[in-house]
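Engineer: model the structure of this input:
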Amino acid sequence: MREPIRLLIADDHEVVRDGLRLLLETEEDFQVVGEAADGAAAVQLTDELQPQVVLMDLRMPGMDGLTAIDQIRARWPAVALVILTTYNEDDLMMRGLRAGACGYLLKDTNRQTLFATLRAAARGEVLLKPEVLARVLTQPQNRDTRAGKPAEPGLALTEREQEVLAAVARGERSKEIAVQLQISERTVKAHLASIYNKLGVDSRAAAIAQAAQRGLLTQ
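Structural biologist: Numbering: from 1, shown residues only. Below you'll find the model as predicted:
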């Protein structure tokens, strides 16, 4: 059997953490290795426990979830981050995805969507619910929402890079993209590296968010 996916839960409400732990541990392929009540504790426990996936609330006392995501991505880029929040706000969603989160879920999500998103995150994939992706794609284009200023124009993506990016936005894996485009998986990864470089990002979710902001994705 494969080793279970090591999870860290970060939420300031103990009852939420307890509920998530009980829910996740009904699945044999999940192991909750730690819990954090704020962003600072999430960063510290990520260092100590080295989880594969952190399930992160956004609004917590002290260090908030967005700041914690920034710090974790900078120090442990291999750790996947999935946002689980009460707040259905487009600005928070975009900021979280730009920071490198690979999933965005509301706390009223069903268990199967939660499980599927965490498994995709552990595989290094992005799994956004269709309604979340639709909101990403309808965000105002060519704006930096953090500063309220026009974004700097990026280098144009090639036609093949556009195809790869569109497939990533649909949640397809590198292997699936390779088969679809009749290229090698290594070539897909090379295109992804080029896309990341051009957009100034380092994750699939951030690439989707940034590309949507620049008008490079269409529904």
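Engineer: per-residue confidence averaged over the helix ranked longest in the chain?
Structural biologist: Taking DSSP state H as the criterion, the chain has its longest helix at helix 185-199. In this model, helix 185-199 has an average pLDDT of 88.
Engineer: tell me which residues of it are tucked away?
Structural biologist: The neighbour-count check on helix 185-199 (16 or more other Cβ atoms under 10 Å) flags 187-188, 191-192, 194-196, 198-199 as buried. C-betas here are computed from N, CA, C, even on glycine.
Engineer: what's the answer for stretch 54-66, then?
Structural biologist: Buried positions in stretch 54-66, judged by neighbour count with 16+ other Cβ under 10 Å: 54-58, 60, 63-66.
Engineer: what comes into contact with that stretch?
Structural biologist: Residues outside stretch 54-66 that contact it (Cβ atoms under 8 Å, 6 or more residues apart in numbering): 7-12, 16, 20, 37-40, 42-43, 46, 68-69, 72, 79-87, 92, 95-96, 99, 101, 118.
Engineer: so where's this structure uncertain?
Structural biologist: In the predicted model, the chain carries pLDDT under 70 at residues 1, 129-155, 218-219.
Engineer: where does Val82 land in three-state SS?
Structural biologist: strand (DSSP: H, G, I helix; E, B strand; the rest coil).
Engineer: so who does it touch?
Structural biologist: So Val82 contacts 53-56, 101-105, 117-118, 121 (Cβ under 8 Å, 6+ apart).
Engineer: what's the domain layout of the chain?
Structural biologist: Here the domain assignment for the chain is 5-127, 145-213, based on automatic domain parsing.
Engineer: where along this protein do the strands fall?
Structural biologist: For the chain, applying DSSP state E gives strands covering 5-10, 30-36, 53-56, 80-85, 103-106, 143-144, 149-150.
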